[in-house]
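> Starting from these lines, generate the structure:
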Amino acid sequence: MLKRSSLLQLSFVVSIAAIAFALAAWQHREPVFPIMTVVHPVASPSGDKVAFVAIRGGQGAGASSGVDSDTISCQLSVLSRTNGRIKHTQAEVGFDPYPMTWGSSESNLIFVSKAERDRFPGLFGSLKSLNLRSSQAAQISPGYVDRPRASPELQYIGYIFSNTTTGGSSLKIQHLQTAQETEVHPEINAYHWCWGPNSNCIYYLKDSGNGGLAIARYDLNSMIEMILFSAIETDIHYPSHLIVSPDDLHLGFQYGDNFRLFEIESGATARGFKCDYYFQDFVNFDWNKAGICYLDSVAGKREKGPVRLMVYNPDTRISSLIATEAFAYPSWLDERTILVRKGDNELWAYDALNGKCSMLYRPACK
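You can find the predicted model right below:
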């Protein structure tokens, strides 16, 4: 029989071991935060990884990205679909509507930094490249930069540069290997622009000259700009949310309550499909071979709440309902799967063919 002193010693050792085990488990667990919001999820080119911004703190963080940027943390995080692991990086992302894009590889992210906010007030920051393997960040362009987007062939990074002297916004591109920078246009609308699928063309909005907005196409090889669509000052609506078809034959854009399809060669426009969902932070259209994924309001209700996840087939001209939930930020994860945020902080994948879904990520919150 063990003596009392031996029992006490054994109990002490067991207690220390239990504490050590709990401490080790605590150190390797995912951090727990009282308020956690996931915004701006972006799938890598292969679809194996999903980058997003983890917003922590602030009472309004769960509603949208429109909260006080001085009272919250916007941390760049990456989810691996292969093993389900989450990597919360030390990169502080700027408070930008479209703050990041994948770079030249699956281990490289380009983002608008928040670290130099004192130098660059407002929504703008410097553009940086983060190596996910070394966790090192390098500056690409100094401040007043937003809406970075890598070209489909991952050769260039394009972004909006805001000139504080003139008050205008210019579109610039930079070669990812040589760092050579080119100004595409000195004065554009800063909110909507996109690459063509072959990386040779860029589409953007600019002043039409009559008080409205025009959609322009710029060819990087010929350096020629062509106006595709123009709205005048008396028009009620302006074009927005530009996307291009995978074959580079059609341009899509939102125009009022409709999403229009435009034939680039002939200049013909069609109505496309009806879409009257207006929450700017959450609206997104993405086009691949399966069609256009987007969000639409439920029975004309435009307030915050459940919305319909839809896919439009340009060939059949039919929109199909995938699911109805509190969705945001829809985009294609692969040829048939849609990545979407559900609620304030969950990432889900929806099969566009059969509607089956699976949860990719849910943070550990109190």
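
> and after the longest strand along the chain, which helix or strand comes next?
Criterion DSSP state E: the longest strand present in the chain is strand 136-150. Downstream of strand 136-150, the first helix or strand assigned by DSSP states H and E is strand 156-162.

> Show me which positions of that next one end up buried.
Going by neighbour count (16 or more other C-beta atoms under 10 Å), the buried part of strand 156-162 is 156, 157, 158, 159, 160, 161, 162. Quick note: C-beta positions are derived from backbone N, CA and C, even for glycine.

> The longest strand of the chain versus strand 156-162: what angle between them?
Per axes from the mean of the first three to the mean of the last three C-alpha atoms, to 10 degrees, the angle that strand 136-150 makes with strand 156-162 is 90 degrees.

> Each with direction, which strands does strand 136-150 pair with?
In the sheet, strand 136-150 lines up against strand 125-131 (antiparallel), strand 156-162 (antiparallel) (DSSP bridges).

> Surely residue 267 is in contact with residue 228?
Yes: with contact defined as C-beta atoms under 8 Å, residue 267 reaches residue 228; the gap is 7.2 Å.

> Those two - which one has more neighbours?
Neighbours per residue, other C-beta atoms under 10 Å: of residue 267 and residue 228, the larger number sits with residue 228, 18 against 9.

> and that one, what does it touch?
For residue 228, the contacting residues are 203, 214, 215, 216, 217, 251, 262, 264, 267, by C-beta atoms under 8 Å, 6 or more residues apart in numbering.

> where are the low-confidence patches of the stretch 101-250 of the chain?
Applying pLDDT under 70 to the stretch 101-250 of the chain flags residues 115-124, 164-167, 232-236.

> Give me the neighbour count for residue 260.
18.

> measure residue 41 to residue 53 for me?
Applying C-beta to C-beta, to the nearest Å, the value for residue 41 to residue 53 is 9 Å.

> Is residue 92 bridged to anything, and to what?
Here residue 92, judged by DSSP bridges, has bridge partners residue 75.

> Please report the distance of it from residue 114.
Using C-beta to C-beta, residue 92 is found at 4 Å from residue 114.

> which residues do these two both contact?
With C-beta under 8 Å, 6+ apart, residue 92 and residue 114 have common neighbours residue 74.

> who has more neighbours, those two?
It is residue 114, of residue 92 and residue 114, that has more neighbours when counted by other C-beta under 10 Å, with 22 against 18.

> could you give the mean pLDDT of stretch 260-274?
Here stretch 260-274 scores 86 as its mean pLDDT.

> who touches residue 250 in this structure?
Contact partners of residue 250, counting by C-beta under 8 Å, 6+ apart, are 244, 261, 262, 263, 264, 314.

> ok, back up a step: out of the contacts of residue 228, which comes closest to residue 364?
residue 203 (40.7 Å; C-beta to C-beta).

> follow-up on the earlier one: the longest strand of the chain: which residues count as buried?
Neighbour-count burial for strand 136-150, counted by 16+ other C-beta under 10 Å, picks out 137, 140, 141, 143, 144, 145, 146, 147, 148, 149, 150.

> and the first one, what does it touch?
Looking back up the chat, that one is residue 137. Shown in contact with residue 137 (C-beta under 8 Å, 6+ apart): 91, 113, 128, 129, 130, 131.

> Narrow those residues to those that are buried.
Neighbour-count burial within these applies to 91, 113, 128, 129, 130; the criterion is 16+ other C-beta under 10 Å.

> and the most centrally placed residue in the chain, what element?
The centroid of the chain falls nearest to residue 40 when counting by C-alpha atoms, centre = their mean (3.9 Å). Following DSSP H and E, one finds residue 40 within strand 36-43.

> Adjacent strands (with direction) for that strand?
Here strand 36-43 is paired, per DSSP bridges, with strand 49-56 (antiparallel).

> And for the strand it pairs with, what's in contact with it?
The contact list for strand 49-56 (C-beta under 8 Å, 6+ apart) reads 33, 35-44, 61, 65, 67, 72-81, 88, 93, 99-100, 102, 106, 109, 333, 339, 347, 360-361, 363.

> Buried ones among those?
By the neighbour-count criterion of 16+ other C-beta under 10 Å, the contacts of strand 49-56 include these buried positions: 33, 35-44, 61, 65, 67, 72-79, 81, 93, 99-100, 102, 109, 333, 339, 347, 360-361, 363.

> what separates residue 305 from residue 338, distance-wise?
Counting by C-beta to C-beta, the separation of residue 305 from residue 338 is 20 Å.

> Which residue of those two possesses the greater neighbour count?
Between residue 305 and residue 338, counted using other C-beta under 10 Å, the more crowded position is residue 338 (27 against 10).

> Show me the beta-bridge partners of the more buried one.
Under the criterion DSSP bridges, residue 338 forms beta bridges with residue 332, residue 350.

> Just list what the helix or strand hosting residue 205 packs against, helices and strands only.
Assigned by DSSP H and E, residue 205 belongs to strand 201-207. Counting contacts by 3 or more C-beta pairs under 8 Å, 6 or more residues apart in numbering; DSSP states H and E, strand 201-207 is packed against strand 169-175, strand 181-185, strand 193-195, strand 213-219, strand 239-244.
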